[in-house]
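Chemist: Got a sequence here, can you model it:
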Amino acid sequence: MQYNDILKKLKALSNPEAVEGMARFGINPENTYGVSIPNLRKIANETGKTHTLAQKLWASGIHEARILASMIDEPTAVFEEQMERWVKDFDSWDVCDQCCMNLFEKTKFAYHKCVEWSSNKQEFVKRAGFVLMARLAVSDKKARDEQFVNFFPIIKRESVDNRNFVKKGVNWALRQIGKRNRNLNKIAIRTAKEIQEIDSKSSKWIASDAIRELTDEKIQKRLSN
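Modeler: Sure, this is the predicted structure:
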């Protein structure tokens, strides 16, 4: 499927009611058609992987075209320069999360970008750093524990950021790393207790929510097995 055909298809699938609903959930309604993720995945499957087309779709500035671009791009063809360019365009948490999940976590730069972006002043760039940490904890089965242990001081440091999409990203990273295995669970709970002691509203929320999940009986049982 070619660029113009895709844009026509996205327009045909547009849903103004869905756009209104997305806006209520903190998604930027500008240049947004309200096309569902399952529909975008269907188009992605029909299109196949193509780095060149992904660049064109991203450059369109259309919300759904950008999510689609992250689905069809080839991780091996992605370099840091593109990641830096795209991350600065993030204007919604869903574009941020989809891009990290569909593409960025599969690149060889993922661990490096976790650290680099975690201290960025822009809300969605910073969130991207923590979304990558959370996703790598789930998807990178071969990673050593040390790779994730290195993230705990960063999580603790940035837990004081009160911005909604940052604190949720920090919380997500802490929980996912802590659910990876028994060893990381213990360190995550210890880190969460340290975060709880920080005089910050967001830190206290991040910590209490993480502790509740990480000490949950079902999680503990799964990790023991």
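
Chemist: Now do the helix or strand containing Glu213: which elements does it pack against?
Modeler: Remark: Glu213 resides in helix 201-214, with elements defined by DSSP states H and E. Applying 3 or more C-beta pairs under 8 Å, 6 or more residues apart in numbering; DSSP states H and E, we find helix 201-214 packed against helix 164-178, helix 182-196. Placement of C-beta: from N, CA and C, glycine included.

Chemist: surely Glu74 meets Lys49?
Modeler: Yes. With contact defined as C-beta atoms under 8 Å, Glu74 reaches Lys49; the gap is 5.0 Å.

Chemist: the domain parsing of this protein - what is it?
Modeler: 1-91, 109-225 (automatic domain parsing).

Chemist: and the ones you listed, which is most packed in?
Modeler: domain 109-225 (a mean of 18; mean count of other C-beta atoms under 10 Å).

Chemist: From the chain's centroid, how far away is that one?
Modeler: 12 Å (C-alpha atoms, centre = their mean, to the nearest Å).

Chemist: what about that domain, start to end distance?
Modeler: Terminal residues of domain 109-225 lie 32 Å apart, using C-alpha to C-alpha, to the nearest Å.

Chemist: Looking at the chain, which helix is longest?
Modeler: helix 123-139 (DSSP state H).

Chemist: so what does the helix or strand following that one touch, helix or strand wise?
Modeler: Using DSSP H and E, the helix or strand that follows helix 123-139 in sequence is helix 145-149. Here helix 145-149 touches helix 123-139, helix 182-196, going by 3+ C-beta pairs under 8 Å, 6+ apart.

Chemist: Give the rounded mean pLDDT of helix 145-149.
Modeler: Summarised as a single mean, pLDDT over helix 145-149 is 98.

Chemist: Name the residues that touch it?
Modeler: Tyr111, Met133, Leu136, Ala137, Asp140, Ile177, Arg180, Asn181, Asn183, Leu184, Ile187 (C-beta atoms under 8 Å, 6 or more residues apart in numbering).

Chemist: mind giving me CSV with the helices and strands packed on helix 145-149 and columns for mean pLDDT and distance to Thr107?
Modeler: Formatted as CSV, these follow (pLDDT from 0 to 100; distance: least, C-beta to C-beta, whole Å):
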stretch, mean pLDDT, distance to Thr107
helix 123-139, 98, 10
helix 182-196, 98, 23
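
Chemist: can you list those in JSON lines and add distance to Ile155?
Modeler: Converted to JSON lines, the helices and strands packed on helix 145-149 look like this (distance: least, C-beta to C-beta, whole Å):
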{"stretch": "helix 123-139", "distance to Ile155": "8"}
{"stretch": "helix 182-196", "distance to Ile155": "7"}
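
Chemist: Tell me which of the ones you listed lies nearest to Asn225.
Modeler: Asn225 lies closest, by C-beta to C-beta, to one member of the helices and strands packed on helix 145-149: helix 182-196, at 9.9 Å.

Chemist: pLDDT-wise, which helix or strand of this structure ranks last?
Modeler: helix 16-24 (a mean of 79; mean pLDDT, DSSP states H and E).

Chemist: Dump it to CSV, restricted to CA.
Modeler: Output in CSV follows, covering the C-alpha atoms of helix 16-24 (Å, rounded to 0.1, in the frame of the first residue of the first chain):
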residue,chain,number,x,y,z
PRO,A,16,-14.9,12.4,15.0
GLU,A,17,-16.5,10.9,18.1
ALA,A,18,-13.4,8.9,18.8
VAL,A,19,-11.3,12.0,18.5
GLU,A,20,-13.5,13.7,21.2
GLY,A,21,-13.0,10.7,23.5
MET,A,22,-9.2,10.7,22.9
ALA,A,23,-9.0,14.4,23.9
ARG,A,24,-10.7,13.5,27.2
